[in-house]
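Q: okay, predicted coordinates and the sequence, questions at the end:
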Amino acid sequence: MAKIIGGLTTSHIPAIGNAIATNKQDDPYWKSFFEGYPPVQEWLNRHKPDVAVVIYNDHGLNFFLDKMPTFAIGAAHEYHNADEGWGLPTLAPYQGDAPLSWHIIEQMVNDEFDITSCQEILVDHGFTVPMQLFWPDRGGDMPRVIPVSANTVQHPIPTIKRCLDFGKSLGRAIRSWPEDVKVVVLGTGGLSHQLDGKRAGHINKEFDLMCMEKIVTDPEELTRISRHELIRQAGSQGSEFIMWMMMRGALSEKVRKIHQNYSIPISNTGAGTMILENLD
Amino acid sequence: MEDSKDRMDHHADIEGTTIFDGKMAMKGYALNKMCFSFNDAAAREEYRADPEAYFDKFNLNEEQKEACRKKNVLDMIAAGGNVYYLAKFAGIYGLNMQDIGAQQTGMSLEEFREKLKKAGE
């Protein structure tokens, strides 16, 4: 049977992709951020997951406001990156796992989550930056991927509780797959940041650190945060924390925190990285 | 359950923040659609060659056109722009998120970066 080995979190801001493209990892500005990643790479190298479920939000590469799915799951053999308009180099395609994607979709819809299935979906920096950070050399150990996209672009976005419940259903679906594959779940985006409006540049370190603590010990407690409160505390784009909650739901009730890094500011963002290992 | 304050609309009283809800998504549809087109390099070229014709191609209203002409991000947001799509417009002019942040807060780039740095202390 499939086994979920754990969850990883990371910020996915495009400036990181740019720093990678221009080899700025050792610059003073970037050093403390990139230092958070070798422990994750070593952990991945030790466990060698076969599949990565990558939970992210599209930022206007694949989805437009004409059709905006609240939750979408990739069901393709391959996923392509493309030009987002501002000069990040286009990356090579990522190999999918369509049979497992369709199994997840079948199970989750049966579990009363209404999924948009995507046989073609372009993956933007929200997906590719975490892949670059976790598997920098794209070697033979790079897992097959299943992109899961949540709407954080247009309100109403899903509630934090719905996102945790989504993760729980996703976890059940993965664990019911009869093949012996090891799966890692990535919760990407966040933490606090606001790009738009007179409050642009809002970051909330205290709130970020509280979220990073509670997501380990008491994710249910975090479901009491309303969307309004999340945006007030974490900024307009701090809403991306919902993808961390989706990841957390897929893990066991109790998890072991193996590693944590928090860099602030990275571009306009409080950037958090974690390894949470499953205990069952 | 969430509290009753959780009804999100663009009037939500978070200072300096516009919630991009259905009302704003309808208001800004043409502007955002134009910006979405800039994923394509050929579209960016077409825009650069004749911005006014490109505004008309996407049926921008006068408020949206004027905000674009001035490259004023706060005005673009007021006209219904969503920051993820506006980022593609900004990219054409070589502006990144920190440039946009400085513009919206009325700071120099250096002041804006200092503000971000302070948040980490």
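A: Received, thanks.

Q: correct me if wrong: residue B:77 contacts residue A:199.
A: No: at 11.5 Å, residue B:77 and residue A:199 do not qualify as touching, with contact defined as CB atoms under 8 Å. (C-beta placed from N, C-alpha, C; glycine too.)

Q: centre of the chain to the host helix or strand of residue B:42, how far?
A: Element membership for residue B:42, per DSSP states H and E: helix B:41-49. Put simply, helix B:41-49 sits 19 Å off its chain's centre (CA atoms, centre = their mean, to the nearest Å).

Q: what's the first helix or strand after it?
A: Following helix B:41-49 in sequence, per DSSP H and E, is helix B:51-57.

Q: dump that next one to PDB, keeping only the CA atoms.
A: In PDB, the C-alpha atoms belonging to helix B:51-57 read as follows (Å, rounded to 0.1, in the frame of the first residue of the first chain):
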ATOM      1  CA  PRO B  51      -0.500  50.400 -26.000                       C
ATOM      2  CA  GLU B  52      -3.600  52.300 -26.900                       C
ATOM      3  CA  ALA B  53      -4.700  49.900 -29.500                       C
ATOM      4  CA  TYR B  54      -4.000  47.000 -27.100                       C
ATOM      5  CA  PHE B  55      -6.200  48.700 -24.400                       C
ATOM      6  CA  ASP B  56      -9.100  48.900 -27.000                       C
ATOM      7  CA  LYS B  57      -8.500  45.300 -28.100                       C
END
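
Q: that one close to chain A?
A: No: counting by CB under 8 Å from any CB of the partner chain, chain A is not contacted by helix B:51-57; separation bottoms out at 14.1 Å.

Q: helices or strands up against that helix?
A: With contacts defined as 3 or more CB pairs under 8 Å, 6 or more residues apart in numbering or on different chains; DSSP states H and E, the packing partners of helix B:51-57 are helix B:29-37, helix B:62-69.

Q: looking at the ones you listed, which is buried most?
A: Comparing these by mean neighbour count (mean count of other CB atoms under 10 Å in any protein chain shown), helix B:29-37 comes out on top with a mean of 23.

Q: and it with helix B:62-69, angle?
A: Using axes from the mean of the first three to the mean of the last three CA atoms, to 10 degrees, the direction of helix B:29-37 lies 30 degrees away from that of helix B:62-69.

Q: chain A: strands as residue ranges?
A: Assigned by DSSP state E, the strands in chain A fall at A:3-10, A:51-56, A:71-74, A:78-79, A:94-95, A:116-118, A:144-150, A:182-188, A:255-266, A:269-278.

Q: could those strands be laid out in CSV, adding distance to chain B, mean neighbour count and mean pLDDT?
A: Below are the strands of chain A laid out as CSV (distance: least, CB to the nearest CB, whole Å; neighbours: other CB atoms under 10 Å in any protein chain shown; pLDDT from 0 to 100):
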stretch, distance to chain B, mean neighbour count, mean pLDDT
strand A:3-10, 18, 23, 98
strand A:51-56, 13, 28, 98
strand A:71-74, 16, 24, 98
strand A:78-79, 16, 18, 98
strand A:94-95, 19, 18, 98
strand A:116-118, 17, 18, 98
strand A:144-150, 13, 25, 98
strand A:182-188, 15, 26, 98
strand A:255-266, 4, 19, 95
strand A:269-278, 8, 24, 96
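
Q: ok, which of these comes nearest residue A:245?
A: strand A:182-188 (7.4 Å; CB to CB).

Q: partners of the closest one, with directions?
A: Paired with strand A:182-188 in the same sheet, following DSSP bridges, are strand A:3-10 (parallel), strand A:51-56 (parallel).

Q: which of those sits closest to residue A:178?
A: strand A:3-10 (11.9 Å).

Q: which residues touch that closest one?
A: Contacts made with strand A:3-10 from outside it, assessed by CB atoms under 8 Å, 6 or more residues apart in numbering or on different chains, are listed as A:40, A:47, A:49, A:129-130, A:133-134, A:171, A:174-175, A:180-188, A:190, A:244, A:247-248, A:250-252, A:255, A:258, A:271-278.

Q: can you say which of the strands paired with strand A:182-188 is nearest to residue B:114?
A: With distances scored as CB to CB, the stretch of the strands paired with strand A:182-188 nearest to residue B:114 is strand A:3-10 (25.9 Å).

Q: pretty sure residue B:111 is touching residue B:98, no?
A: No: taking contact to mean CB under 8 Å, the distance of 11.0 Å between residue B:111 and residue B:98 leaves them out of contact.

Q: and stretch A:112-125, how far out from the chain's middle?
A: Its chain's C-alpha centre and that of stretch A:112-125 lie 14 Å apart, by CA atoms, centre = their mean.

Q: any buried residues in it, and which?
A: Of the residues in stretch A:112-125, those buried under the neighbour-count criterion (16 or more other CB atoms under 10 Å in any protein chain shown) are A:113, A:115-118, A:121-125.

Q: do stretch B:92-103 as well
A: When burial is assessed from 16+ other CB under 10 Å, stretch B:92-103 yields the following buried residues: B:92, B:95-98, B:100-103.

Q: what's the closest non-adjacent residue to the residue of chain A most remote from its centre?
A: Among the residues of chain A, the one whose C-alpha is farthest from the average of all C-alpha positions is residue A:198, by CA atoms, centre = their mean at 27.6 Å. Excluding the flanking residues, the one nearest residue A:198 by CB to CB, 6 or more residues apart in numbering or on different chains is residue B:16, at 3.4 Å.

Q: neighbours of the closest residue to residue A:219 other than its chain neighbours, just the number please.
A: If you skip the residues right next to it in sequence, residue A:219 has residue A:248 as its closest partner in space, 4.8 Å away by CB to CB, 6+ apart. Here the count is done by other CB atoms under 10 Å in any protein chain shown, and residue A:248 has 26 residues near it.

Q: which one's more surrounded, residue B:77 and residue A:199?
A: Under the neighbour definition other CB under 10 Å, residue B:77 and residue A:199 were set side by side, and residue B:77 has more, 24 against 19.

Q: got phi/psi on the more buried one?
A: The phi and psi torsions at residue B:77 (degrees, to the nearest 10) take the values phi -70, psi -40.
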